[in-house]
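> I would like to see how this sequence folds:
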Amino acid sequence: MKIFGWVYLWIPIYITASCPNNCRRCGQDIGWCQTCEDGYYQSDGTCYKCGNTGCLCRHQNECYGCKEGFYISDGTCNKCRYAGCLCTYRRECYGCMDGFYVKYDYWGNLYCAKCMASCKSCNNDKSCSACKLGFYGSICQKPCSSGCADQCDIYGRCPCKPNFTGSLCDKCIDGFYGENCSQPCSPNCSACSDANSCTSCRRGYYGPTCQIPCLSSMCANGECNRQNGVCSSCVTGYTGYSCNETCSTRCVNDTCDQFTEKCTHKCKHGFHGDKCEYTCPPNCQLCTSMNNCLKCEDGFHGNTCEYSCPSNCQLCNFENKCSKCKEGFYGSICQHNCPEGCSSCDDERKCLSCKASYSNPNKQCQCTIDICSSSPCTTCTNTTFYPDGNECCPCSRNCKHALCSSESTCTGECEDGRLLGWEVRPEMQCQLLLL
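All right, here's what the predicted structure looks like:
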């Protein structure tokens, strides 16, 4: 029947050619029919012809409807007058059967023209919209692959039988060959065209039938040349045709070219050369030769890192000026100490970052988390500190004996001359001095 649009459904059935005569669908036991062709009925797995020509039936004498190209009248099916037409009475033509397509005559009357022989349905005489069972292509000129388990679509795609693969099911899976892909390749072949011709080997083997182990167990992924057994590439750290030599330990990641031994990812610190075979000058991390150092160890400078930086200087330039101080120092040659707790500070001794165990550069890194007695930090183990967020900070020097409960509240008395107000109270506000 003429159907507009495309729908592809994969249905687990067996191709009609394998089923009994007049059977449309059969199960795994291909001698037993599940569904018969129109005009036949099924009984005990066998298809029998309906009693009346053109009838659809469930037993011999029934006629509950008609096949395409017939119409029912007085309980019997009569053939439509016009070839390929669907009708409800003899002279009608409201659509076309499978194998025909709609056309109109000079007076605008619908009639059905025959599709090409291989088409199941079509829209014109030049292409097919669906193919007869076992064929595919724009004009259904190509047979479906013998590897198809079911009917293929118009592009040749189908579910595959065992041991077949590919969108058209026209190839054997690895390890098998033959017309039905049922013959196993030789033991070390991953693919072959016959028992004596491997097209690819399993990892670790080479030769016409993949019978010879690769020249080395150090081939990357076990792969080697099919003709001579030379490793395609080596595992990390090995080099040579047979991958039986080690790369220089001076190469970064111990990796080098398989055939030249040149380091793949440059040299480790302190070495140079294609194979990192040369040593850089003392105190030099990165160089191009013994006379040209690109990066010195911390604390040294010069073309060959022959000069020491000032004692508290971590990095310096050729003028002996520090570009980075060691922790806790500042100044042009790192000659001054930062406040205790600061790992770095500016020229006004203002903390920029704190040493380990110290925190809060805004308070000169005098706070610490090490003396919090609870989590979250609500009390401090040292009574001269007060809790502030998640850290303990030192009390003001204006508080007597440096005892306080917060940044601005002393516990007990103030230092002499620092009392705000005239009355003495258990908790008193004291005028703050800079720490």
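
> C-alpha only now, for contacts and for neighbours.
Fine.

> burial count for the nearest residue to C50 once chain neighbours are set aside?
Nearest residue to C50 in three dimensions, chain neighbours excluded: Q60, at 4.8 Å (C-alpha to C-alpha, 6 or more residues apart in numbering). Using other C-alpha atoms under 10 Å, Q60 is surrounded by 17 other residues.

> Repeat that for H265.
As a burial measure, H265 scores 13 neighbours (other C-alpha under 10 Å).

> what's the answer for P339, then?
18.

> so it sits in a helix?
No. Using DSSP: H, G, I helix; E, B strand; the rest coil, the assignment for P339 is coil, not a helix.

> can you tell me which residues contact it?
If you count contacts by C-alpha atoms under 8 Å, 6 or more residues apart in numbering, P339 has them with 328, 349, 351, 364.

> do the same with S145
156, 168-170 are the contacts of S145 under C-alpha under 8 Å, 6+ apart.

> Repeat that for E297.
E297 makes contacts with 283-285, 305, as judged by C-alpha under 8 Å, 6+ apart.

> Make a markdown table out of those residues and add distance to N292, secondary structure and pLDDT.
Compiled in a markdown table, those are given as follows (distance: C-alpha to C-alpha, whole Å; DSSP: H, G, I helix; E, B strand; the rest coil; pLDDT from 0 to 100):
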| residue | distance to N292 | secondary structure | pLDDT |
| --- | --- | --- | --- |
| N283 | 12 | coil | 90 |
| C284 | 9 | strand | 92 |
| Q285 | 11 | strand | 89 |
| C305 | 9 | coil | 89 |
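
> Pull the most distant pair out of the residues you listed.
Farthest-apart pair in the contacts of E297 is Q285 and C305; separation 9.4 Å (C-alpha to C-alpha).

> any shared contact partners between those two?
Shared contacts of Q285 and C305 (C-alpha under 8 Å, 6+ apart): 293, 296-297.

> Which of these fall within strands?
Among those, the residues falling in strands (DSSP state E) are 293, 296.

> residue ranges with poor pLDDT in the chain?
1-18, 28-30, 318-319, 417-435 (pLDDT under 70).

> can you list the contacts of S145 in a markdown table and add secondary structure, neighbour count and distance to C372?
Output for the contacts of S145, formatted as a markdown table (DSSP: H, G, I helix; E, B strand; the rest coil; neighbours: other C-alpha atoms under 10 Å; distance: C-alpha to C-alpha, whole Å):
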| residue | secondary structure | neighbour count | distance to C372 |
| --- | --- | --- | --- |
| G156 | coil | 21 | 75 |
| L168 | coil | 20 | 73 |
| C169 | coil | 24 | 72 |
| D170 | coil | 20 | 75 |
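
> coming back round to it: out of the shared contacts of Q285 and C305, flag the one nearest to G412.
Using C-alpha to C-alpha, E297 is the member of the shared contacts of Q285 and C305 that lies nearest G412, at 54.7 Å.

> Just list the residues touching the residue lying closest to the closest one once chain neighbours are set aside, thanks.
Spatial nearest neighbour of E297, chain neighbours left out: N283 (5.2 Å); criterion: C-alpha to C-alpha, 6+ apart. In this structure, N283 makes contact with 296-297, 300, 305-306, judged by C-alpha under 8 Å, 6+ apart.

> And these, which of them are buried?
Buried subset of these (neighbour count, 16 or more other C-alpha atoms under 10 Å): 296-297, 300, 305.

> Determine which two of those residues are furthest apart.
The widest separation within those (C-alpha to C-alpha) is 7.8 Å, between E297 and C305.

> in stretch 61-72, what's buried?
For stretch 61-72, burial by neighbour count (16+ other C-alpha under 10 Å) applies to 62-63, 65-72.

> wait, I meant stretch 385-395
385-388, 391-395.

> cool, and stretch 198-211?
Those would be 198, 200-207, 209-211, for stretch 198-211 by 16+ other C-alpha under 10 Å.

> Could you list the residues in contact with it?
With contact meaning C-alpha under 8 Å, 6+ apart, stretch 198-211 is reached by 185-186, 188-193, 196-197, 212-214, 217, 219, 221-229.

> For P20, list the residues it contacts.
The contact partners of P20, taken as C-alpha under 8 Å, 6+ apart, are 30-33, 46.

> Neighbours of C119, how many?
Look at C119: counted by other C-alpha under 10 Å, it has 26 neighbours.

> All further residue positions should be reported with the first residue as 49.
Okay, residue one is now 49; in that scheme the one you just asked about reads as C167.

> Which residue is the nearest non-sequential neighbour of it?
Distance criterion C-alpha to C-alpha, 6+ apart; nearest residue to C167, sequence neighbours excluded, is C179 at 4.7 Å.

> again with C341
Counting by C-alpha to C-alpha, 6+ apart, the residue nearest C341 is C335, at 4.2 Å.

> how far away is that neighbour from K310?
To K310, C335 is 17 Å away according to C-alpha to C-alpha, to the nearest Å.
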